[in-house]
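> Prediction below, plus the sequence it came from.
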Amino acid sequence: MKTVRLSIIGFGAVGQGVARSILSKQEYLHKHGINLCVVGIADSGGCYVDTQGIDLKNAIATKKQTGTVATGSDGVLDLINGIDHDIVVEATPTNINDGEPGLGNMLAAFESGKHVVTSNKGPLALRFSELKEAAEDNGVMFRYEATVGGAVPIFNLIHEALAGNTIIGIEGILNGTCNYILTRMAEERMPYELVLKEAQELGIAETDPTYDVEGIDSACKLVIIANSVFGDNATYHDVDVTGITKITPEALELANENNYLIKLICEATDGKLTVAPRLVPKRHPLAVGGTLNVASIQTDLAGRITISGKGAGSIETASSILSDIVFIARNS
Ligand code: HSE
């Protein structure tokens, strides 16, 4: 049995989802020869370290009761640099202004020889190539399946299953909140403000929901795809972005009468990155509803491959994080 030691940095919905998945998948992981041992957890209150392995059930209960798992005054970087472990799971909230604190956490992890698995879009939408180089320079792995599409394995699909193909273009819906809002407005004729509130209650909207409705979150995800798949060196400032705030119930109604839906479509093709509302025929593969995400990948050998699934949520995002952890455990 191979023991893999990890830290979870950020213990909100995603970090706790990772802890819950590790707990519920212990038997499965043991069957595959992997023993995951969490030696540190950090949240905004501080850190909790146990080099013998943290009781995750206890940590989740403590977080619920007191709002923090912190037991000491050591900072996150002390945990990342000073405690012996293999993988840093970076799950702090996205910040698209300077990428912090995620960016500093990831760079510190690489520099101290640790692999990084992350769901944090900000650092990758701003400094992708720098992060990739830092991982390579330190001989460690950098995995970020959870940054785009929640549970949908877009990067695994492209880099592993479609290896050998040249990717010609990608289009898709990469923001569950906008898709939920547009679906509810079209199907139930509900007002924008009310459905946005519903999306927030579902826990899928960003802390600042303008990231969602103004297309910023979609733009970040598109940039991560472009950098990862096409080797671009783009930041989210390179994306031509229009959000959904100006879509009226009348526009949705008119589209509906003509058998169309309005969707916030992300597109990476011919070196151009665009996020904008578009008319999509109701029977088109991109016409997925509710909180679903979809990515349609045009390749030279395999033709078009379309993949759809849950684009947000604690356990769904943890699914992608766990798959990256297992990949590292198997390949390191
Ligand atoms: N706010 C994001 C969305 C969460 O709605 O898709 C997942 O990145």
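Everything's here; your move.

> Now for the closest residue in space to Phe142 that isn't next to it in sequence, how many residues are close by?
Of all residues not flanking Phe142 in the chain, Ala135 sits nearest, at 3.8 Å (CB to CB, 6 or more residues apart in numbering). All C-beta spots, glycine's among them, are computed from the backbone N, C-alpha and C. Residues near Ala135, counting by other CB atoms under 10 Å, number 20.

> and what of Ile315?
18.

> Compute the distance between it and the ligand, please.
Here Ile315 is placed at a distance of 13 Å from the ligand (CB to the nearest ligand atom, to the nearest Å).

> dump the residue contacts of that residue.
Gly17, Arg20, Ser21 (CB atoms under 8 Å, 6 or more residues apart in numbering).

> And these, which is closest to the ligand?
When these are ranked by distance to the ligand (CB to the nearest ligand atom), Gly17 comes first, at 12.1 Å.

> Can you check the pLDDT for the closest one?
On the pLDDT scale, Gly17 is placed at 97.

> any idea which element it lies in?
helix 13-24 (DSSP states H and E).

> Touching that helix from outside, list them.
Contacts of helix 13-24 (CB under 8 Å, 6+ apart): 8-9, 11, 29, 36, 38, 41, 43, 56-57, 59-60, 63, 89, 91, 119, 146, 203, 313-319, 321-322.

> Let's see that with 7 Å instead.
With contacts defined as CB atoms under 7 Å, 6 or more residues apart in numbering, helix 13-24 is touched by 8, 36, 38, 56-57, 59-60, 63, 89, 91, 119, 203, 314-315, 317-318, 321-322.

> Which neighbouring residues are in contact with Pro93, exactly?
Contacts of Pro93 by CB under 7 Å, 6+ apart are Gly12, Thr207.

> That one in helix, strand or coil?
coil (DSSP: H, G, I helix; E, B strand; the rest coil).

> circling back to that earlier point, wait, isn't the residue nearest to Phe142 in contact with Ser129?
No. The pair Ala135 / Ser129 is not scored as a contact, 10.8 Å apart, by CB atoms under 7 Å.
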